[in-house]
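Student: Below are the sequence and a predicted model; questions follow.
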Amino acid sequence: MKNAVRAQLCSMMFLEFFIWGAWFVTLGTFLGNNLQATDGEIALAFSTQSWGAIIAPFVIGIIADRYFNAERILGVLHLLGAVLMYLMYESSAFEGFYILVLAYMIVYMPTLALVNSVSFNQMKNPAKEFSLVRVFGTLGWIVAGLSISFIFHWDKGESIEQGFLKNTFLMTALASLLLGLFSFTLPKTPPKVIRSKNVTIKEILGLDSLGLFKDRNFLVFFLSSVLICIPLAFYYQNANPFLVEIGMDNATGKMTIGQISEIAFMLLLPYFFTKFGFKKTILVAMGAWVLRYMLFAYGNVNELGFMLIIGIALHGICYDFFFVSGQIYTDSKAGEAYKSSAQGLITLATYGIGMLIGFWIAGKISTWYLLEDGTHIWKTIWMYPAGFAFVVFVLFAIFFKTEKIDYQS
């Protein structure tokens, strides 16, 4: 791959995840403080990510794979996203905001697959080349969080009260506009599926890989993937409002420690996976989820502030050791015929079904433990995902049988 093309792909990945991290992390804090949304309404807003993930396969399967170049669709979607983000910036009531954020997620979630398609199309050896491009996406998320906390100071108490946090949507709109225009300069990525071939709903949703459920281990892994995303939703939905509410300075910037650890553990994953195997890698990830929520439950911003930082830093293990390992495992089990559909099925189950349930439960529990002064009993709230993750840990340890997985770094 030419250096100029690699630079284009790295820039594309940087902007793609800068856009996501620039508003999604602080969404709960913004809604609660600026639009006076209830915990249930905040859960509804976060669940739009899941609806976007559920609808995304239709966009990719019907349109991107069959009719138009991936880079052109990427450009159009981000230009539409820029408009929606600006309208979200102008919103003053949750009802109107919710419609906009739902529309935005339906537009944005397909772009996650499109940037991968554009990248893979330019690579001779994706196994070696892709990680060096994808890491710029993580850097984009980090830069977004650091900008909010340490450059613009939008997530500080006084700034939140004055409504400055809504500027995250304006910043995202500008970044979306930039990526939308930039996408039309990316290397051409034409559709690879023959148009005349009949497409079925079963193929689009990855349901042609359902035969994999005949393998007991894969079925256990699939169900565990759905279940573990329920406690994961608590982190995405509640972490930033929790840290801001208990008084952590520069909470959004400090949450980027999770993405920094993600880079480190991504480099460690091949060694750990090869030495200890898939089952132990997954169990370490699930155990890290339990530990993270326990640290949040018992930590504070004073003498136990280090517990909160450790809990944030565990994101690298939680994400890489579960999701990336799961993608490797799914790829090894699927075979050539079902590689893409199997990955689509797992994505639908986790970011779609699993997190959709998780956001709903997180909203309900947060409402139960809301005090009259507007604060929450966070210790009790965090014990729920900790306990749930522990149950999934035990079930996976019992029912998943150790097996050797072929893995090439």
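Tutor: Perfect, thanks for sending it.
Student: buried residues in the helix or strand containing Phe46?
Tutor: Per DSSP states H and E: Phe46 is located in helix 39-58. By neighbour count with 16 or more other C-beta atoms under 10 Å, helix 39-58 contains the buried residues 39, 41-50, 52-57. Heads up, the C-betas are built off the backbone N, CA and C, glycines and all.
Student: Can you name every helix or strand that the helix or strand following that helix contacts?
Tutor: Using DSSP H and E, the helix or strand that follows helix 39-58 towards the C-terminus is helix 70-90. Counting contacts by 3 or more C-beta pairs under 8 Å, 6 or more residues apart in numbering; DSSP states H and E, helix 70-90 is packed against helix 94-120, helix 167-183.
Student: on contacts alone, who are the packing partners of the longest one?
Tutor: I take that to be helix 94-120. Checking 3+ C-beta pairs under 8 Å, 6+ apart, helix 94-120 ends up next to helix 3-21, helix 39-58, helix 70-90, helix 126-146.
Student: Pull out the buried residues from the third one.
Tutor: In terms of neighbour count (16+ other C-beta under 10 Å), helix 70-90 has its buried residues at 70-75, 77-89.
Student: contact partners of it?
Tutor: 19, 23, 63-64, 97, 100-101, 103-104, 107-108, 110-111, 114-115, 117-118, 121, 166-167, 169-170, 172-174, 176-177, 179-184, 186-191 (C-beta atoms under 8 Å, 6 or more residues apart in numbering).
Student: If we use 7 Å, what do you get?
Tutor: Contacts of helix 70-90 from elsewhere in the structure, counted by C-beta atoms under 7 Å, 6 or more residues apart in numbering, are 63-64, 97, 100-101, 103-104, 107-108, 110-111, 114-115, 117-118, 166, 169-170, 172-173, 176-177, 179-180, 183-184, 186, 188-189.
Student: Repeat that for the first one.
Tutor: Applying C-beta under 7 Å, 6+ apart, the external contacts of helix 3-21 come out as 111, 115, 118-119, 122, 133-134, 136-141, 143-145, 172, 175-176, 178-179, 182, 186-187.
Student: which residues does Leu370 contact?
Tutor: Going by C-beta under 7 Å, 6+ apart, the list of residues near Leu370 reads 39, 376.
Student: how about it, phi and psi?
Tutor: Dihedral pair for Leu370: phi -90, psi 130, per degrees, to the nearest 10.
Student: What pLDDT is listed against it?
Tutor: Looking at Leu370, its pLDDT is 96.
Student: Over to Val324?
Tutor: 77.
Student: Counting residues, which helix of this structure comes out longest?
Tutor: helix 257-298 (DSSP state H).
Student: Quick check: what element follows it along the chain?
Tutor: Heading C-terminal from helix 257-298 (DSSP H and E), you reach helix 305-313.
Student: and the angle from the longest helix of the chain to helix 3-21?
Tutor: For helix 257-298 against helix 3-21, the angle by axes from the mean of the first three to the mean of the last three C-alpha atoms, to 10 degrees is 20 degrees.
Student: Show me what helix 257-298 packs onto, helices and strands only.
Tutor: If you count contacts as 3 or more C-beta pairs under 7 Å, 6 or more residues apart in numbering; DSSP states H and E, helix 257-298 packs onto helix 126-146, helix 216-245, helix 305-313, helix 315-319, helix 325-334, helix 378-399.
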